Every structure is written in C-alpha cells, then in structure tokens.
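In: Fold the following for me, if possible:
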Amino acid sequence: MEGIFEYPFLSRYIEIDGLRVHYLDEGSRENVTFLLLHGLPAWSYMYRKIIPILTAKGYRVVCPDLIGFGKSDQLEKASDYTYNRQFSILNSFLKKLNLDSIIIYGQDWGAGFALHLTVENQNQILGCAASNGLLPTNQLKIPPRLKIWQWFAKYSPYIPVGQIVSWGCSHTLPLKVKRNYSRPFQKPRTKIPVRVLPQWIPKSKDDPIIQDHIGIWQKLEQMHTPVLCLFSDKDKFTSGGAEHLIAKIPGCQNQAHQKLRGGHFIQEDAGEELANLLINFANSLNK
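Out: This is a model prediction of the structure:
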C-alpha cells in the first residue's frame, strides 16, 4: 500500500507506556542519525521527499509519528493529549531505540519538541535544527492568524487535514497528496489530536502551560548545543520565531541560519533545499 502513495518505507512499531508508536528507520546505522519530528496536522508522510536525500548521503533517518497521528496509537479522550505526555513518549522513544550521535530536526510543534529533547539529551544530540515552530511563552505575541486557527480547530465541524496542509503551503498541493495527508484522519475520533494541539498555544499570560515552558526556556538559555534556524519567509504563524531563538539560545550563535522560500510546511515547499541544508549542518558539526 505504501508504494501506491509515495511512502515506500518499512513501517516499524515500538511500545511505550502501553501505546504503539509507529516510526520509520531508514539508511545506514554506521553514520550520524537524523531524527525528524513532524508537527500539526501532519505525520511521517511529510518527510517522504527528504528521507531519500539524507539516506543517499549515508545517514540513518528515524522518523516517528506522534501519538494520535499517522499510524501511531490514538489516546482515549481529548484530555489525554497533553504536551508533557507527548514529550515523555518522544523522550522514551529516543532512549528505547538507544539513539546516539543525533541531529534532530522539527517543524511546527516538532520544532518545540526538538528543542526540548535537545536540552534534556545533550550527550546524545549533536545539533538541533528548527523550522516554523518553538515553545511558546508569554514573551512572544500570538499572531491573530494563530488565534483563528485555534478557534477553527476547536469548533469547526469539518477538519480537512489534507486541505489544511495545502493552505499552509505557498503552492496548492495535488489532490492525491492532500488525500494522503488525510488518510490517518478519516473518523471524528482520529481528528481529536488535530483539534487539541492548537489549544496548547497559551491564550493569555496566566495560561498554566506557560510555566512549564518557561522552565524549559531557562535551560535553553544556557544551552550551547548548536541550533540552526531554517524558518520560511511566508509563514504567518511563526513570524519572528527565528529571531527569538537566535537571541535567546547560545547554541544559535555562529550558525548558518537561513530563510527558505515557502509557507508554514516548508517540507512541501522546499524539501530538497531543506534536506541539503540539514546535510550542510551535519558537515559543519563534523568539522
């Protein structure tokens, strides 16, 4: 089935906290490992163009589906989907696979998870790259577009996942690609995490999640592990995010940060360029 919709990868599963986590594990085990994290409302299908470029250069690529997304297990109810639980599962995933010599990349919420994983696993992670996402606190103003997205995700009776991804690109995705993004999200229950994760964005300075994120940021502001920002020029959701990371995280200094041409889902708009920049990042860390 995978080959039919441009997903020619072997599905693997690992059990964490009683849940099956789906992931891809491609390429050589003798080189640096790229750990690729998707955001909302995507799944590992988003990296179908990038994985072959990285493996062709001899890298190992590991790409999990977040719980509730793609082929990973669903949770029972909306309140089960919390940032801390999702992070805990990702952190356990990294340890259970005994991953080492990692370059971690994330986009959207995947970028926030990537930064958090990096600060907690600095002995295993060589560097972190982030696109169009971060851990939000009360230091950054929430753009009106994000507030609209929160409202839409919570109240809209219709959650067209593939079309949402297309709206977040600078070009319209082909119908078959939109359908492929929507494959894991056919029933109302499977769309619960798509509705919940936008609500993790703090709505006010008093939002409880801010305190957790402030604690993580206090660690990030002391972190010297290299961090590369690969944000895009037409993403209206995370405008100013790259500049915030560069100003706050010591590991961002002296890195070859880039603004890529594209929308929120830069993997679709500039996948080949993104992959090559990740390879350049890996080469710079080797030096």
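In: Pull out the buried positions in the lowest-mean-pLDDT helix or strand in the chain.
Out: Using mean pLDDT, DSSP states H and E, helix 209-220 stands out as the lowest-scoring helix or strand of the chain, at a mean of 88. Applying a neighbour-count criterion of 16 or more other CB atoms under 10 Å, one finds 209, 210, 212, 213, 216, 217, 220 buried in helix 209-220. All C-beta atoms are positioned from the backbone trio N, CA, C, and that covers glycine.
In: and the residue nearest the centre of the chain, what helix or strand is that in?
Out: For the chain, the residue nearest the mean C-alpha position is residue 110 (2.0 Å; CA atoms, centre = their mean). Using DSSP states H and E, residue 110 sits within helix 109-120.
In: name the helices or strands packed onto that helix?
Out: On a contact count with 3 or more CB pairs under 8 Å, 6 or more residues apart in numbering; DSSP states H and E, helix 109-120 meets strand 33-37, helix 83-96, strand 102-107, strand 125-131, helix 209-220.
In: Check the buried residues of helix 209-220 and tell me the two furthest apart.
Out: Using CB to CB, these span at most 16.0 Å, a distance reached by 209 and 220.
In: quick one: the one helix or strand residue 145 maps to to chain centroid distance?
Out: Following DSSP H and E, one finds residue 145 within helix 144-155. Offset of helix 144-155 from its chain centre (CA atoms, centre = their mean, to the nearest Å): 19 Å.
In: If you count neighbours, what's buried in it?
Out: Applying 16+ other CB under 10 Å to helix 144-155 flags 146, 149, 150, 153 as buried.
In: contacting residues for residue 242?
Out: If a contact means CB atoms under 8 Å, 6 or more residues apart in numbering, then residue 242 has 229, 231, 257, 259 as its contacts.
In: who wins for neighbours among the residues you listed?
Out: In terms of neighbours by other CB atoms under 10 Å, these top out with residue 231 at 26 neighbours.
In: Skipping adjacent residues, who's closest to it in space?
Out: residue 242 (4.1 Å; CB to CB, 6 or more residues apart in numbering).
In: Roughly how far does that neighbour sit from residue 36?
Out: Applying CB to CB, to the nearest Å, the value for residue 242 to residue 36 is 19 Å.
In: One more: residue 147?
Out: Going from residue 147 to residue 36 by CB to CB gives 29 Å.
In: Next: residue 160.
Out: Note on residue 160: its distance to residue 36, by CB to CB, is 24 Å.
In: Who has more neighbours out of those two?
Out: Shown here are residue 160 and residue 36; by other CB under 10 Å, residue 36 has more neighbours (26 against 16).
In: which ones are touching the residue nearest to that one when sequence neighbours are not counted?
Out: Residue nearest to residue 36 in three dimensions, not counting chain neighbours: residue 63, with 4.4 Å by CB to CB, 6+ apart. By CB under 8 Å, 6+ apart, the contact set of residue 63 is 23, 24, 26, 35, 36, 37, 38, 44, 47, 51.
In: Try it again at 10 Å.
Out: Going by CB atoms under 10 Å, 6 or more residues apart in numbering, residue 63 touches 9, 22-26, 34-38, 43-48, 50-51, 70, 105.
In: for residue 17, same thing?
Out: 67, 73, 85, 88, 89, 92.
In: Next one: the residue lying closest to the fourth one once chain neighbours are set aside from residue 193, what distance?
Out: The reference is to residue 88. Using CB to CB, 6+ apart and skipping residues adjacent in sequence, the residue nearest residue 88 is residue 17, 7.6 Å away. From residue 17 across to residue 193, the span is 16 Å (CB to CB).
In: Sort out for me which of the contacts of residue 242 are in helices.
Out: Applying DSSP state H to these, no entry is found in helices.
In: Pop out the phi and psi values for residue 239.
Out: Dihedral pair for residue 239: phi -60, psi 130, per degrees, to the nearest 10.
In: which ones are touching it?
Out: Counted by CB under 10 Å, 6+ apart, residue 239 has contacts 132, 140, 141, 143, 145, 231, 233.
In: Please report which of those residues has the highest neighbour count.
Out: Among those, the one with the most neighbours (other CB under 10 Å) is residue 132, at 28 neighbours.
In: Alright, calling it a day.
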